[in-house]
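Undergrad: based on what follows, work out the 3D shape:
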Amino acid sequence: MWILVVEDERKVAAFIRKGLEEESYTVDVACTGPDGECLAQANPYDLVVLDLMLPGKDGIEVCRSLRERGSTVPILMLTARDTVEDKIEGLESGADDYLVKPFAFEEFLARVRALLRRGPARDAVPLTVADLRLDRSTRTARRGDLEISLTNREFALLEFFMRRKGQVLSRAVIAEHVWGINFDSESNVIDVTVCHLRGKVDRGASFSLIRTIRGAGYMLCEREDR
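TA: Alright, predicted model coming up:
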């Protein structure tokens, strides 16, 4: 596995690199946003570890740029910022997971492994539920004739819902499968993201597909309740 670490704090970068190499990963390091973005665009990395505060171009900008260019490489964002708003901004920019500094290397490694297991979407068979269609090969979604613009996180969440249509999914289950095994399932980031996704998927539709199951979680329904 080939991992790119974009981190301007040299001691932190060296610590991460040494730990990953001891786990038999191949690691490249970039110290600025533009250098990291250039390397990520030029090479088929299996994972990008991206610091938020970088010289030249911050992690949010780098992440958005990579996603806008069609990159599906998993991105783990590192930052000292720990507010809900900061987490939402990082995830909405296209990051797949978000880890606050300082962190234990064991937790970092667990998140790396989870993202590597997940990997980029490669399945070319579209998913369909009612009049909702999700095409993973082109990373597009449609509800009837209307195309839906989704962030990377919303896309992953919708795919998870569609694969488990008709099942009640708790916040803990959603956190483990969409955000990573160590994500705090008590955080309201999940609720905020589901709310945004529901607004996009169900807006203007004849019935709602994404339902809140009080006290239990969420469910993607296959049909309208009669």
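
Undergrad: contacting residues around the spatially most central residue of the chain?
TA: The centroid of the chain falls nearest to Asp96 when counting by C-alpha atoms, centre = their mean (2.3 Å). Listed by C-beta atoms under 8 Å, 6 or more residues apart in numbering, the contact set of Asp96 reads Pro74, Ile75, Leu76, Leu115, Arg118, Asn152, Arg153, Ala156, Gly180. C-beta coordinates here come from the backbone N, C-alpha and C atoms, glycine included.

Undergrad: pLDDT for those residues - can I get that in TSV?
TA: Listed next are the contacts of Asp96 as TSV, based on pLDDT from 0 to 100:
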residue	pLDDT
Pro74	93
Ile75	94
Leu76	95
Leu115	91
Arg118	73
Asn152	78
Arg153	81
Ala156	81
Gly180	54
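
Undergrad: these in helices, which ones?
TA: Leu115, Arg118, Asn152, Arg153, Ala156 (DSSP state H).

Undergrad: between those, which is nearest Leu209?
TA: Distance to Leu209 across these (C-beta to C-beta) is lowest for Ala156, with 16.8 Å.

Undergrad: quick check: next helix or strand after the one helix or strand in the chain whose mean pLDDT sits lowest?
TA: Ranked by mean pLDDT, DSSP states H and E, the weakest helix or strand in the chain is helix 84-92, scoring a mean of 78. Once the chain leaves helix 84-92, the next helix or strand it forms, by DSSP states H and E, is strand 97-100.

Undergrad: in that next one, what's buried?
TA: Residues of strand 97-100 classed as buried by neighbour count (16 or more other C-beta atoms under 10 Å): Asp97, Tyr98, Leu99.

Undergrad: so the last one sits against Glu107, correct?
TA: Yes: under the contact definition of C-beta atoms under 8 Å, Leu99 touches Glu107, with a separation of 7.2 Å.

Undergrad: which of the ones in helices among the contacts of Asp96 sits closest to Glu7?
TA: Using C-beta to C-beta, the ones in helices among the contacts of Asp96 come closest to Glu7 at Leu115, 16.6 Å.

Undergrad: what is the burial count for the closest one?
TA: 21 (other C-beta atoms under 10 Å).

Undergrad: list the contacts for it?
TA: Leu47, Pro74, Leu76, Asp96, Asp97, Gly180.

Undergrad: about what we covered before: and the residue nearest to the centre of the chain, what pLDDT?
TA: Asp96 is assigned 90 on the pLDDT scale.

Undergrad: could you check how far Ala156 is from Glu23?
TA: 25 Å (C-beta to C-beta, to the nearest Å).

Undergrad: quick one, which of these two is more surrounded?
TA: Ala156 (19 against 13).
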